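Asker: generate a structure from the sequence data that follows.
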Amino acid sequence: MIDRRQALLRLAGGGLAAAATCALPIAAAASTQVIQAPYGAGFCSLDLFLAHARQLAEDDGVSIELVTTPTFADHITMVGNGAVDVSVTPYASAIALIENGANIRIVGGGGIEGCGLVARAGIDGPDKIPGTTLGTFQMDSLEVMAFDWLRANGVPLADVEIRYMGSIPEAVEAFKARALDWISSIEPYVTSLLAEVPGAHLLSNGRDIYDQDYPDCVLTAQVEAIETRRPEAICAVIKALMRAQHACETDLDSILSAMVGSYYKTSLEDAKLGAANQPLQVDIRGQEDFILSRADSLIDMGYITQRPDPQLIDCAC
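Answerer: Residues are numbered from 1 along each chain as shown. Next up is the predicted model:
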């Protein structure tokens, strides 16, 4: 097996890959504080996308700006070295980055559930997994989910070939091309794969190992911004995400009609199904124990060496 801890250090400590401002930039007034976030992929980022599209923090003097990250490694690098102010990031990535020196805290939630292990036809249970190839994302909650599912079903990790993918679209295309036997993915792409790939089926949606309402991504913020530089701006972003969550809960169809194409490359029909499978939950209170307990898996996987300090979760806003 690869040395995951060394791979993590290369991600967190490496230089920034080329990054560009999202194709939908917002011009901020001179007195407006700009808060930057990396551009994610799943429905756990829907509230951030909507807050950006409608600039829902503008009344509080904050402009939200998204920065494109070509690969997941670029996303993690930007969060780890402080190049962005906030981020909707897998909880596993946040925990591992913090132990390895990233000056961030978890300040809110993203989506709940919405993760899935999708397999090709014929791979319909744990007994069919040995000798197969899994596509996943390094130091991601999706990798932790696959690890936990294998362990829960008594399948040694050594029996699976793991291929780390650079982005969700890359992984989706590799699965469609039969370069992968099964994949850990997130909505709306779980729904898209099940609809578009003949014989594809769901091995797990996470509930069989985590129960319902488990978190996937979390909202992180730089400690400097929280404590000294711009604490009011971080709280304004959280407030905007809560507004976005409420809007999605009351008018989801029209919001998805605006988001699909600009923010999500999937059909509107699949987007509606996917969003139903991964609702938003900005208020992370009540999920702390789950997030912290996943550190045990990260220790076993070699990403971290000890359980994190509970103070890494800061819900002061």
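Asker: which residues touch Gly110?
Answerer: 44-45, 47, 88, 215-219, 280-282 (CB atoms under 8 Å, 6 or more residues apart in numbering). Glycine gets a C-beta too; all of them are placed from N, C-alpha and C.
Asker: can you lay out the residues you listed as TSV showing secondary structure and distance to Glu143?
Answerer: Output for those, formatted as TSV (DSSP: H, G, I helix; E, B strand; the rest coil; distance: CB to CB, whole Å):
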residue	secondary structure	distance to Glu143
Cys44	helix	16
Ser45	helix	18
Asp47	helix	24
Val88	strand	17
Pro215	strand	15
Asp216	coil	12
Cys217	strand	14
Val218	strand	16
Leu219	strand	20
Leu280	strand	23
Gln281	coil	22
Val282	coil	24
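Asker: which of these sits closest to Gly108?
Answerer: Nearest to Gly108, judged by CB to CB, of the contacts of Gly110 is Leu219 at 3.5 Å.
Asker: residue ranges with poor pLDDT in the protein?
Answerer: For the chain, the stretches with pLDDT under 70 are 1-31, 229, 316.
Asker: quick check: domain ranges of it?
Answerer: As assigned by automatic domain parsing, the chain contains the domains 4-112+215-312, 115-210.
Asker: what's the span of the last one, first residue to last?
Answerer: Translated: domain 115-210. The first and final residues of domain 115-210 sit 11 Å from each other (CA to CA, to the nearest Å).
Asker: so which residues make contact with the helix or strand harbouring Ile162?
Answerer: Ile162 belongs to strand 161-164 when assigned by DSSP states H and E. Contact with strand 161-164 is made by 132-138, 174, 180, as judged by CB under 8 Å, 6+ apart.
Asker: now the residues you listed in TSV, with neighbour count?
Answerer: Shown next, in TSV, are the contacts of strand 161-164 (neighbours: other CB atoms under 10 Å):
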residue	neighbour count
Thr132	16
Thr133	15
Leu134	22
Gly135	24
Thr136	23
Phe137	29
Gln138	23
Ala174	16
Leu180	23
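Asker: mind listing what the closest residue to Leu280 other than its chain neighbours touches?
Answerer: Excluding the flanking residues, the one nearest Leu280 by CB to CB, 6 or more residues apart in numbering is Gln245, at 4.3 Å. Gln245 sits next to 47, 280-282 when contact means CB under 8 Å, 6+ apart.
Asker: how about the residues you listed, which pair is most distant?
Answerer: It's Asp47 and Gln281 that sit farthest apart of the contacts of Gln245, by CB to CB, at 9.4 Å.
Asker: which one's more surrounded, the two?
Answerer: With neighbours defined as other CB atoms under 10 Å, Asp47 and Gln281 compare such that Asp47 has more, 28 against 21.
Asker: secondary structure element for the closest residue in space to that one that isn't next to it in sequence, which one?
Answerer: In this structure, Asp47 finds its nearest non-sequential neighbour in Ala244, 3.9 Å apart by CB to CB, 6+ apart. If you go by DSSP H and E, Ala244 is part of helix 231-259.
Asker: quick one: which of the contacts of Gly110 is nearest Thr266?
Answerer: Out of those, the member with the shortest distance to Thr266 (by CB to CB) is Ser45, at 13.5 Å.
Asker: so that closest one is in contact with Pro90, correct?
Answerer: No - the criterion here is CB atoms under 8 Å, and Ser45 misses it with Pro90 at 11.1 Å.
Asker: more crowded one of those two?
Answerer: Between Ser45 and Pro90, counted using other CB under 10 Å, the more crowded position is Pro90 (30 against 27).
Asker: so how far is Ile291 from that one?
Answerer: Distance, Pro90 to Ile291, by CB to CB, to the nearest Å: 11 Å.
Asker: what do these two both touch?
Answerer: Val218.
Asker: list the buried residues for the helix holding Ala244?
Answerer: 233-245, 247-248, 252, 255-256, 259 (16 or more other CB atoms under 10 Å).
Asker: what lies in contact with the following helix or strand past it?
Answerer: Per DSSP H and E, the first helix or strand lying C-terminal to helix 231-259 is helix 268-277. Residues outside helix 268-277 that contact it (CB under 8 Å, 6+ apart): 43, 46, 113-114, 187-192, 195, 205, 248, 252-253, 256-257, 259-260, 264, 266.
Asker: following helix 268-277, which helix or strand comes up?
Answerer: That would be, after helix 268-277 and using DSSP H and E, helix 288-293.
Asker: gap between the helix or strand just after that following helix and the chain center?
Answerer: Using DSSP H and E, the helix or strand that follows helix 288-293 towards the C-terminus is helix 295-301. Distance of helix 295-301 from the chain centroid (CA atoms, centre = their mean, to the nearest Å) equals 18 Å.
Asker: and helix 295-301, C-alpha only, in PDB?
Answerer: These are the backbone C-alpha positions of helix 295-301, laid out as PDB (Å, rounded to 0.1, in the frame of the first residue of the first chain):
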ATOM      1  CA  ALA A 295     -10.800   9.900  12.900                       C
ATOM      2  CA  ASP A 296     -10.400   6.300  14.000                       C
ATOM      3  CA  SER A 297     -10.700   5.200  10.300                       C
ATOM      4  CA  LEU A 298      -8.200   8.000   9.300                       C
ATOM      5  CA  ILE A 299      -5.700   6.600  11.900                       C
ATOM      6  CA  ASP A 300      -6.100   3.100  10.500                       C
ATOM      7  CA  MET A 301      -5.700   4.400   7.000                       C
END
